[in-house]
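**Student:** sequence and predicted structure are below.
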Amino acid sequence: MDQHIKDLINAVRHPRACWKSSRIPNSPRNGLFRLPPHLLERILELLPLSSQACLVLTCHTLYRIYTPILQDHRLRFPRLLANRDPTISLGQANVPRNIFLRQLQNHKWSFCEACLKLHPRTEMAEGNLCHAHAGIVDLCPCLTLTPRDKFRLVRVLRNISNAKDRRHYSIEQDPRFEVLTDRDPRFPQWMVKKCLRALFHRCTVHYHANVWMDVRIRFYLASKHKIPILVAHTDYKVTLYSRPLLASMTPYFACPHRSLLPWAFHRHWHSSDCLVCDAWLRLNRIPDIDGKERDVHVVRDLGGFRWPPDIRWEQQCRLRDPVSYKRLWVNGT
């Protein structure tokens, strides 16, 4: 067997040995490039996706040629409200993305099973979690927050900076967000007494088989029992394509414990609190009982300002047990 192929097989079996640095090597003198192109393609075909991605990251040349491998949807961060599949949205060991990130672990970076991301080892607690209350909060198909994302939002709203934020794309430049102050004429009047600065996000849910939704989210800082908290205030304008509401309808979660659609179109529910996470759901107006449109407000307490994440954050996090989502799917409660 060619020595280069032996080296490749050894690297795939022991991926950590190749990751003493978190930077992609610049050296083009890789023995793989001495192989005929069709043989290299064949080798890649025989590797599982996670090992393909690890191999592509070994040098810039492979990275440039095989970038589509890293863009595979199975390696993307799993947003529950976008993929609607609880299994790949959790920390199962057989999920390709989780396998890939575990292979990338080294002396500097470690995989967190709660955030489903790599963290510096200095920020990891005992075990495979960065903190006991860590987890992922799903707000809409394009906004899914980890604890570190939350505290970045808090710093933007408090207008303070942190050196750790340099690792990430600036929130102020993120097209998903718009930063408004109380001096802006578009700033809602009802928020003026609550805060001086807010983050706005708007998107639509148009891929759902049964409904169309216009989603508007406002992040602002508030006080609850004299404790400063981050609030996510979401307005849903829901249009149902047809009545009646189908029992097999794909769910959309207002919070981890409430399915939005059965609640919004229930004949008797106009306002309620989630008994688990204290999320507040309210119909903006009392609609025609048999109508196809609903305006729903959902207010969620995302916890305090300071690290580590607290119990209120954990209560808003994605459930780690797929069975719980299947139960919501069936019961719609």
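**Tutor:** Right, received. Where do you want to start?

**Student:** now do the buried residues in stretch 168-178.
**Tutor:** Going by neighbour count (16 or more other C-beta atoms under 10 Å), the buried part of stretch 168-178 is 171, 177. In this view, the C-beta of every residue, glycine as well, is placed from N, C-alpha and C.

**Student:** show me what that stretch is in contact with.
**Tutor:** Counting by C-beta atoms under 8 Å, 6 or more residues apart in numbering, stretch 168-178 makes contact with 142, 143, 152, 153, 156, 179, 199, 200, 201, 203, all of which sit outside it.

**Student:** assign a three-state SS to residue 62, would you?
**Tutor:** When the structure is split into helix, strand and coil by DSSP: H, G, I helix; E, B strand; the rest coil, residue 62 lands in helix.

**Student:** and the closest residue to it other than its chain neighbours, how many neighbours?
**Tutor:** Once its chain neighbours are removed from consideration, residue 62 has its nearest residue in residue 56; the separation is 5.0 Å (C-beta to C-beta, 6 or more residues apart in numbering). Taking other C-beta atoms under 10 Å as the neighbour definition, residue 56 ends up with a count of 20.

**Student:** how much space between residue 56 and residue 41?
**Tutor:** For residue 56, the distance to residue 41 equals 13 Å [C-beta to C-beta, to the nearest Å].

**Student:** domain parsing for the protein?
**Tutor:** In the domain annotation for the chain, the residue ranges read 3-71, 137-331 (automatic domain parsing).

**Student:** any idea which element residue 300 lies in?
**Tutor:** Taking DSSP states H and E as the criterion, residue 300 maps to strand 293-301.

**Student:** that strand - contacts with which helices or strands?
**Tutor:** On a contact count with 3 or more C-beta pairs under 8 Å, 6 or more residues apart in numbering; DSSP states H and E, strand 293-301 meets strand 227-240, strand 253-255, helix 260-264, strand 280-283, helix 311-316.

**Student:** show me what that strand is in contact with.
**Tutor:** When contacts are taken as C-beta under 8 Å, 6+ apart, the neighbours of strand 293-301 outside the stretch itself are 137, 139, 224, 229-240, 254-255, 260, 263-265, 277-285, 287, 312, 316.

**Student:** can you tell me which of the contacts of stretch 168-178 are buried?
**Tutor:** 143, 152, 153, 156, 179, 199, 200, 201, 203.

**Student:** that's a helix at the second one, yeah?
**Tutor:** Yes - checked against three-state DSSP, residue 152 lies within a helix.

**Student:** wouldn't it be in contact with residue 165 here?
**Tutor:** Yes - between residue 152 and residue 165 there is a contact at 6.0 Å, judged by C-beta atoms under 8 Å.

**Student:** tabulate the domains of the chain (TSV), appending mean pLDDT and distance to residue 102.
**Tutor:** Converted to TSV, the domains of the chain look like this (pLDDT from 0 to 100; distance: least, C-beta to C-beta, whole Å):
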stretch	mean pLDDT	distance to residue 102
domain 3-71	73	8
domain 137-331	86	17
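
**Student:** ranking those by burial, who's on top?
**Tutor:** Across the domains of the chain, averaging neighbours per residue (mean count of other C-beta atoms under 10 Å) puts domain 137-331 on top, at a mean of 16.

**Student:** ok, back up a step: CSV for the domains of the chain, including distance to residue 113?
**Tutor:** As requested, the domains of the chain are arranged in CSV below (distance: least, C-beta to C-beta, whole Å):
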stretch, distance to residue 113
domain 3-71, 16
domain 137-331, 9
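
**Student:** nearest to residue 121, of those domains?
**Tutor:** Each of the domains of the chain was scored for nearness to residue 121 using C-beta to C-beta, and the closest is domain 3-71 (11.5 Å).

**Student:** what bridges to residue 232?
**Tutor:** residue 219, residue 300 (DSSP bridges).

**Student:** touching, it and residue 221? I think so.
**Tutor:** No - Residue 232 lies out of contact with residue 221 (C-beta under 8 Å); the separation is 11.4 Å.
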